[in-house]
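Undergrad: Sequence first, predicted coordinates after that:
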Amino acid sequence: MLMCAQAIGAYAARAFVTAEKLKRTKVLIEKGLTFCEAAARIKVGKTALYDAIRLARNLLAC
């Protein structure tokens with residue numbers, strides 16, 4: 001994933017959010033947690049999670 005991030009000019013300076021953590025976040029939000037609560041549950045900051053989601057969307061668009 002880091003190579004893909006580097007390919008689009010991004011650099012992971014924050015806590016690394018894995019694909020598994022992204023899936024878990026989606027489940028938590030579907031259960032009714034807020035975005036910030038879900039980020040706290042998977043032990044990453046909300047900014048790192050927002051960045052990971054944005055990066056994942058950009059990678060899927062390629």
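TA: On my side now, so go ahead.
Undergrad: what's the closest non-adjacent residue to residue 46?
TA: Once flanking residues are discounted, residue 46 sits nearest to residue 39: 4.5 Å by C-beta to C-beta, 6 or more residues apart in numbering. The way it works is simple: take the backbone N, C-alpha and C, and place the C-beta from them, glycine included.
Undergrad: tell me the mean pLDDT over the helix or strand harbouring residue 55?
TA: Using DSSP states H and E, residue 55 falls within helix 46-61. Mean per-residue pLDDT for helix 46-61: 86.
Undergrad: in it, what's buried?
TA: Within helix 46-61, the residues that count as buried by 16 or more other C-beta atoms under 10 Å are 48-49, 51-52, 55.
Undergrad: Looking at the residues you listed, spot the one nearest residue 27.
TA: Comparing the buried residues of helix 46-61 against residue 27 with C-beta to C-beta places residue 49 closest, at 13.7 Å.
Undergrad: Which residues are in contact with the closest one?
TA: 17, 25, 35, 38-39, 42 (C-beta atoms under 8 Å, 6 or more residues apart in numbering).
Undergrad: how deep is residue 20 tucked in, by neighbour count?
TA: 9 (other C-beta atoms under 10 Å).
Undergrad: any idea of the angle whatever helix or strand it lives in forms with helix 46-61?
TA: Residue 20 belongs to helix 19-30 when assigned by DSSP H and E. Angle, helix 19-30 to helix 46-61, by axes from the mean of the first three to the mean of the last three C-alpha atoms, to 10 degrees: 110 degrees.
Undergrad: would CSV of the buried residues of helix 46-61 with distance to residue 29 be doable?
TA: CSV is the format used below for these (distance: C-beta to C-beta, whole Å):
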residue, distance to residue 29
48, 16
49, 10
51, 17
52, 14
55, 18
